[in-house]
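Trainee: Next input, structure requested:
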Amino acid sequence: MAHILDGRQMAREIEQEVRVQVDQFLQQTGVKPCLAAVLVGSDPASEVYVRNKQKACQRVGIDSQLHRLEVSISTTELSALVAQLNADSQVHGILIQLPLPDQIAETAILDRVHPLKDVDAFNPDNVGRLVQGRPRFLPCTPHGVQQMLHRAGVEVAGKQVVVVGRSDIVGKPLALLLMQRDSTCGPTAANASVTICHSRSSDLATITRTADVLIAAIGRPAEIRADMVKTGAAVVDVGINRTESGLVGDVDFDGVKEVAGHISPVPGGVGPLTISMLLHNTLSAARLQHVEP
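Mentor: Here you go, the predicted model:
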């Protein structure tokens, strides 16, 4: 039976660490970090995500703003708000809640967020820095996965890691993080041999069974089954799929937990850590933007 990776408990630990750092930063500078979230429309899932992020900010002493916009807003109008937030010295981090409506040029909006306020690390400048191994901010969900493995005592250095999914938000940056020479958690949380699989990969199960650490981020309910997992492997489920029976991940949890050595649940796994790393990035952004008088 696999050890359950409790993302909620790990997130509480990280929040306590961030809270101490926020207090120290405020005492030293008189500056309180501030995160501005932009929510377009009233998608129920996005509403929940933004509300959870606001509550987390409050717990660690970070100010938060919420800018609600009509679903009919144009790319030009949304760009104007981003420009306003970029110019506001009281705002240190900008979060564009995804997905955006179809009429919005999503990439164009994300590109307009100033690199120093891009706490999701979606701006090409920050992506390029990650590729070169000198990141300004680490993308929140991949960094959360790395923190989860480290805090559970699962070393990836020298191990075979398989990432199922090649999205710009999770799959690609996570592979980059784990193959770096070092990390925020030290070299044992990096230096992995990483394979990325996707919808065009042939014989997926053969590849996933090679993994010491298997990370599922493909966006399909229960796609990863027990027969696709090496005995004793650590399995991290990044998927969030809404079904008639509720939220489920990309992993068949009940089946895989009988084979794996570690497994993260959905909900209560990677999700809380994603928010924790957003708080971490907002504090980092405030530090980068603070100029001594």
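
Trainee: Quick check: the residue nearest in space to the middle of the chain vs residue 7, distance?
Mentor: What sits nearest the mean C-alpha location of the chain, by C-alpha atoms, centre = their mean, is residue 141, with 1.5 Å. Separation of residue 141 from residue 7 (C-beta to C-beta, to the nearest Å): 11 Å. From N, CA and C alone the C-beta is placed, and that goes for glycine too.

Trainee: intersection of neighbour lists for the two?
Mentor: Each of 270, 273 lies in contact with both residue 141 and residue 7 under the rule C-beta atoms under 8 Å, 6 or more residues apart in numbering.

Trainee: All the strands of the stretch 101-250 of the chain, residue numbers only.
Mentor: Along the stretch 101-250 of the chain, counting by DSSP state E, counting those that start in this stretch, strands occupy 160-164, 193-197, 213-216, 234-237, 241-243, 246-248.

Trainee: Please identify which of those is closest to residue 74.
Mentor: strand 241-243 (28.4 Å; C-beta to C-beta).

Trainee: And that closest one, how far out from the chain middle?
Mentor: 19 Å (C-alpha atoms, centre = their mean, to the nearest Å).

Trainee: repeat for stretch 95-102
Mentor: 15 Å.

Trainee: Check stretch 89-100 too.
Mentor: For stretch 89-100 - counting by C-alpha atoms, centre = their mean - the centre lies 15 Å from the chain centre.

Trainee: Contacts for it, please.
Mentor: Under C-beta under 8 Å, 6+ apart, the answer for stretch 89-100 is 33-40, 43, 46, 49-50, 53, 65, 78, 82, 85-86, 106, 109-110, 113-114, 117-120, 122, 278, 281-282, 285-286, 289.

Trainee: List the ones among those that fall in strands.
Mentor: Using DSSP state E, the members of those that fall in strands are 34-40, 65.

Trainee: want to try a markdown table for these, with pLDDT, neighbour count and distance to residue 210 as columns?
Mentor: What follows is those, written out as a markdown table (pLDDT from 0 to 100; neighbours: other C-beta atoms under 10 Å; distance: C-beta to C-beta, whole Å):
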| residue | pLDDT | neighbour count | distance to residue 210 |
| --- | --- | --- | --- |
| 34 | 98 | 20 | 45 |
| 35 | 98 | 27 | 40 |
| 36 | 98 | 24 | 43 |
| 37 | 97 | 22 | 40 |
| 38 | 97 | 22 | 41 |
| 39 | 97 | 19 | 41 |
| 40 | 96 | 24 | 41 |
| 65 | 97 | 17 | 46 |
